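Asks: I'll drop the sequence and a predicted model, then ask my questions.
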Amino acid sequence: MKMQKNWWLGFLGFIGVYKIPGMIEAFQADGSWMKLIGFIWLLWFGYFIPEKKED
């Protein structure tokens, strides 16, 4: 297994961790559904998943 070419972009996923409280508020009565956009930041963590090494 090897890291993806743009593995460093996975660090952008840490912004999504910061946005988690806002995403939780979106499901409660006092939150806005626009805060769910923070979920997109969490998708950047996918760059930390190693690729399968092809022989």
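Replies: Received it, and whenever you're ready, just let me know what you need.

Asks: for the biggest helix by length in the chain, which residues meet the burial criterion?
Replies: In the chain, assigned by DSSP state H, the helix with the most residues is helix 13-26. Of the residues in helix 13-26, 13, 16, 19, 23, 26 count as buried by neighbour count, 16 or more other C-beta atoms under 10 Å. All C-beta atoms are positioned from the backbone trio N, CA, C, and that covers glycine.

Asks: quick check, nearest of those residues to E54?
Replies: Nearest to E54 among the buried residues of helix 13-26: G13, at 25.6 Å, using C-beta to C-beta.

Asks: count of residues packed around the closest residue to the closest one other than its chain neighbours?
Replies: With C-beta to C-beta, 6 or more residues apart in numbering as the criterion, G13 has its nearest non-adjacent residue at 3.5 Å, and that residue is F45. Residue crowding around F45 was assessed by other C-beta atoms under 10 Å; the count is 16.
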